[in-house]
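Asker: Pasting the sequence and the predicted coordinates here, then a few questions.
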Amino acid sequence: MAGKKMGLQTIRFQNPPSIIATSSIVGPKEGQGPLKDYFDLILNDNMYKEKSWEKAERKILKEAVEMAIKNSNLPYSKIEYFIAGDLLNQIISAGFAARELGFPFFGIYGACSTAAEGLGLGAIIIDGGFADNLVVATSSHYCTAERQYRFPLELGNQSPPTAQWTVTGAGAAVISSRPQNPRITYVTTGKVIDMGETNPNDMGTAMAPAAVDTIVRHFNDTNRTPDDYDLIVTGDLASIGKDIAEELIKQKGFDVSNKYTDCGLMIFDPQQDVHAGGSGCACAAVVTFGYLYKEMMKGKYNRILLVATGALLSTTSTQQGETIPCIAHAVAIENL
């Protein structure tokens with residue numbers, strides 16, 4: 001059996017890769033939220049001096065990568081891979097950013113689980129000895145996501161209370177073999193879970209079972225419990241999905257109630273009228289690479305479990321009446 005494999009779906013790293021630097025860029029609405037002091041750059045508007053929202057999104061993704069590398073004090077020549085993805089068709093934000101950056105590129109798609117998927121794959125590459133330094137990044141943008149997945153903003157459609165607000169932002173992290181805290185110690189790769197939900201305006205309900213499946217599998221594979229973590233944080237289940245996940249995890253025999261929160265609840269204030277909360281690839285990315293990383297560096301948290309969640313639907317599948325397949329990947333990040 002593979003020496004680094006634990007249980008059915010988890011990897012334990014023999015030489016836990018380090019997150020040596022991060023960056024986070026957010027839009028103006030996110031910059032008014034409770035975590036505003038943790039972000040490296042807050043945009044004044046959603047266009048960011050570009051001619052389209054899509055161009056603005058790829059610009060913030062590229063700049064987040066550049067900022068993370070600058071924060072790492074590594075020369076560009078030391079970055080061996082760039083792993084990134086986003087929500088847009090054919091991951092154009094990541095692909096076009098990679099065109100400008102010039103690094104060897106792995107383009108990935110995990111919907112809003114992309115931040116954790118990228119961290120997991122990056123850590124596997126580093127621990128496997130295939131590289132010493134690489135960058136992981138992802139982005140999303142409220143206006144580009146609305147245009148692609150829902151309705152044109154100009155139409156002025158109302159959203160139901162179950163809907164979530166796609167975070168405008170980009171987050172990046174430099175992962176390295178250089179031993180320093182915090183470290184990536186475990187990765188639990190999720191399975192696609194589909195409980196038959198069909199409402200694209202209620203992603204939290206659809207994604208919660210995927211988060212539960214991965215979290216419970218992580219505990220069973222590693223023989224850890226919620227008490228082993230200072231914080232367990234899902235990516236973007238928001239208010240409705242978080243409550244469902246918490247209850248389902250309890251039914252499986254684990255009580256996470258005093259350790260569990262969600263990035264989609266942390267990034268916005270309820271008074272900001274975001275309905276159920278935040279979502280999008282950048283939701284988990286900017287909260288993790290902005291707030292959580294900086295608090296780990298200060299020692300407030302020493303062991304967190306990030307579980308980023310994604311809904312693997314498209315406009316085509318929804319229009320054809322398909323249910324919503326979902327996924328969640330768990331990454332344990334620790335100060336050793």
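Answerer: Alright, I've got the coordinates. Residues are numbered from 1 along each chain as shown.

Asker: dump the residue contacts of Tyr291.
Answerer: 35, 38, 266 (C-beta atoms under 8 Å, 6 or more residues apart in numbering). In this view, the C-beta of every residue, glycine as well, is placed from N, C-alpha and C.

Asker: which one of the residues you listed sits closest to Ala115?
Answerer: The closest of the contacts of Tyr291 to Ala115 turns out to be Met266 (C-beta to C-beta; 14.0 Å).

Asker: residues touching the closest one, list them.
Answerer: Contacts for Met266 (C-beta under 8 Å, 6+ apart) come out as 34-35, 233, 287, 291.

Asker: What's the separation between the nearest residue to Glu50 once chain neighbours are set aside and Ser257?
Answerer: Leaving aside its sequence neighbours, Glu50 sits nearest to Ala56 (C-beta to C-beta, 6 or more residues apart in numbering; 4.4 Å). Ala56 sits at a distance of 39 Å from Ser257 (criterion: C-beta to C-beta, to the nearest Å).

Asker: ok, the two, which is more surrounded?
Answerer: Neighbour totals were compared for Ala56 and Ser257, and Ala56 leads with 24 against 11 (other C-beta atoms under 10 Å).

Asker: Quick check: which element contains that one?
Answerer: helix 53-72 (DSSP states H and E).

Asker: gap between that helix and the chain center?
Answerer: When distances are taken as C-alpha atoms, centre = their mean, to the nearest Å, helix 53-72 is centred 16 Å away from the chain's centroid.

Asker: can you list contacts of the next helix or strand after it?
Answerer: Per DSSP H and E, the first helix or strand lying C-terminal to helix 53-72 is strand 81-86. Residues outside strand 81-86 that contact it (C-beta under 8 Å, 6+ apart) are 57, 61, 65, 91-94, 97-98, 101, 103-110, 114, 117-118, 121-122, 125, 131, 134-140, 281.

Asker: what angle do strand 81-86 and helix 53-72 make?
Answerer: Orientation of strand 81-86 against helix 53-72 (axes from the mean of the first three to the mean of the last three C-alpha atoms, to 10 degrees) gives an angle of 140 degrees.

Asker: List the strands paired with strand 81-86, with their directions.
Answerer: Its sheet considered, strand 81-86 pairs with strand 105-107 (parallel), strand 133-140 (parallel) by DSSP bridges.

Asker: out of these, deepest packed?
Answerer: Greatest average neighbour count among the strands paired with strand 81-86 goes to strand 133-140 (a mean of 31), per mean count of other C-beta atoms under 10 Å.

Asker: rewinding a little: so how far is Asp45 from the residue nearest to Glu50?
Answerer: 9 Å.

Asker: same deal with Tyr109?
Answerer: Going from Tyr109 to Asp45 by C-beta to C-beta gives 28 Å.

Asker: Among the two, which residue is more densely surrounded?
Answerer: Between Tyr109 and Asp45, Tyr109 has the larger neighbour count (other C-beta under 10 Å), namely 17 against 9.

Asker: what helix or strand is that one on?
Answerer: Counting by DSSP H and E, there is no helix or strand that carries Tyr109.

Asker: thinking again about what came up before, need the residues touching each of Ala56 and Asp45.
Answerer: Shared contacts of Ala56 and Asp45, defined by C-beta under 8 Å, 6+ apart, are absent.

Asker: of the contacts of Tyr291, closest to Pro179?
Answerer: For the contacts of Tyr291, the nearest to Pro179 is Tyr38 (25.1 Å; C-beta to C-beta).

Asker: how about the closest one, what does it touch?
Answerer: Shown in contact with Tyr38 (C-beta under 8 Å, 6+ apart): 24, 290-291, 294.

Asker: at 6 Å what do you get?
Answerer: 290-291, 294 (C-beta atoms under 6 Å, 6 or more residues apart in numbering).

Asker: Filter those down to the ones in helices?
Answerer: Under the assignment DSSP state H, the contacts of Tyr38 contribute Lys294 to helices.
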